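Trainee: After the sequence you'll find the predicted model.
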Amino acid sequence: MKPMGQLQVMAGPKAPRVQESANALIVAVLLAATSQPAHAADFFAGKTINLIAGTDVGGGFSIYARLIGKHISRYIPGNPTIIVRNMPGAGGATAATYLYRTAPRDGTTILSVSPNAILAKLLDNAQPQYDPAKFNYLAGAERGVRLCMTFQHSKVKTFDDALAQRAVIGVTSAGSPTREYAAMIRHATGVKFEIVSGYRGPPDIFLAMERGEIDGTCGLDWSALKAQQAEWLRDKKLNILVQAAIEPEAGLAALGVPTPWRYIRNDLDRRALELMIGFQQAFGKAYLAPPEVPAEPIRILRTAFGAVLRDAEFLAEAEKMRLDITPQSGEDVQRVIENVYGAAPAVVERLKKIVEP
């Protein structure tokens, strides 16, 4: 009796050669069946993934990155260590340049960066540091609505007030959402914003608002603001002047916060704002990897983001932190980039002008 499980081959002169071929086939099939799962499980085992927020520690991108970093490891085969770092500067361009030129191409560096950093090349053809189309987009976590607001001491309490009297608006650096939204809203609607640049990030801006150095700011994200300044919102210390949204966000609309569209008289300005705001909302809190990362780690990371952004424990903690979560796939975010870089040249040229104070 032959041992059970052994491959049976007809006897004859060619039997040894057939047996060898059959054995080789078995080995090949077994290797194919086992190598891919082992590779996926081992790819990130024992490694550290650096999740970089291209903003200051107190910003919304940092808040989201730290929450995701806390939960995502269990969805990555091999359970790598996740370290969240901050790399602010130049409206996110510093971090984007690092990701493009310096970060390792192995999936161990992920960036969360302002949409403005991704639009930089569209708005400045001379911007040579990185090509946004070559990044690998992994996911989007939120479809944000950006705001202009003043503090309770300001005489400017509504958008109509801002059309009639001056408001000092504090912003961060060139290329940042705070600066570009303040300039864009001013040029397109005629509000009397006096823009003061140079603040390091939202915490410094909030402190300046509280001290009375400035009236308010622009370009902050509604979801992040609910997490950063829940007490201010509860105590009605903020006057929210306008919501930059293609369609009104329901909670803000209930508070009587208008969108900018009825205040814009020039069609080209309207189209330029629609391009910027539509991109910002679609891009949201997106996560990206460097160019030239192999397909397998990109697949693993996209799958992990898709899982964590729907995880019950993650969502419960996000709700406690007042963070809105709207998952988008990496493929969807990639298509958003392709669409915005195909915009009409006249609209792009107008946008270039109105995002500068």
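Mentor: Looks like it arrived, so ask away. Treat the numbers as computed from the prediction; the structure is a model and nothing was measured.
Trainee: Just give the number of residues close to Gly190.
Mentor: Counted by other Cβ atoms under 10 Å, the residues lying close to Gly190 total 13. Any C-beta I mention is one placed from the backbone N, CA and C, and that applies to glycine too.
Trainee: Excluding covalently adjacent residues, which one is nearest to it?
Mentor: Of all residues not flanking Gly190 in the chain, Leu163 sits nearest, at 6.2 Å (Cβ to Cβ, 6 or more residues apart in numbering).
Trainee: how near is Thr172 to Asp204?
Mentor: 8 Å (Cβ to Cβ, to the nearest Å).
Trainee: Show me what the helix or strand that contains Glu349 is in contact with.
Mentor: Per DSSP states H and E, Glu349 falls inside helix 345-354. Contact partners of helix 345-354, identified using Cβ atoms under 8 Å, 6 or more residues apart in numbering, comprise 122-124, 183-184, 187-188, 268-269, 271-273, 275-276.
Trainee: ok so, going back, more neighbours, Thr172 and Asp204?
Mentor: Of the pair Thr172 and Asp204, Thr172 is the one with more neighbours under other Cβ under 10 Å, namely 26 against 15.
Trainee: Could you confirm that one falls within a helix?
Mentor: No: counting by DSSP: H, G, I helix; E, B strand; the rest coil, one finds Thr172 to be coil, located in no helix.
Trainee: Enumerate every residue touching it.
Mentor: 91, 178-179, 197-201, 205.
Trainee: ok, now Thr178?
Mentor: 170-172, 199, 205, 217-220.
Trainee: Among the residues you listed, pick out the one closest to Val145, please.
Mentor: Taking Cβ to Cβ as the measure, Val145 sits nearest to Leu220 out of the contacts of Thr178, at 10.0 Å.
Trainee: Now that that closest one has come up, it's in contact with Met149, right?
Mentor: Yes: contact criterion Cβ atoms under 8 Å: Leu220 and Met149 qualify, at 7.2 Å.
Trainee: follow-up on the earlier one: what is the neighbour count of the residue nearest to Gly190?
Mentor: Using other Cβ under 10 Å: Leu163 sits among 13 other residues.
Trainee: could I have the host helix or strand of it exported to PDB, CA atoms only?
Mentor: When elements are defined using DSSP H and E, Leu163 is found to belong to helix 159-164. C-alpha atoms of helix 159-164 as PDB (Å, rounded to 0.1, in the frame of the first residue of the first chain):
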ATOM      1  CA  PHE A 159     -21.000  89.000   7.100                       C
ATOM      2  CA  ASP A 160     -23.100  92.100   6.300                       C
ATOM      3  CA  ASP A 161     -21.200  93.900   9.100                       C
ATOM      4  CA  ALA A 162     -17.900  93.000   7.400                       C
ATOM      5  CA  LEU A 163     -19.100  94.600   4.100                       C
ATOM      6  CA  ALA A 164     -19.600  97.800   6.000                       C
END
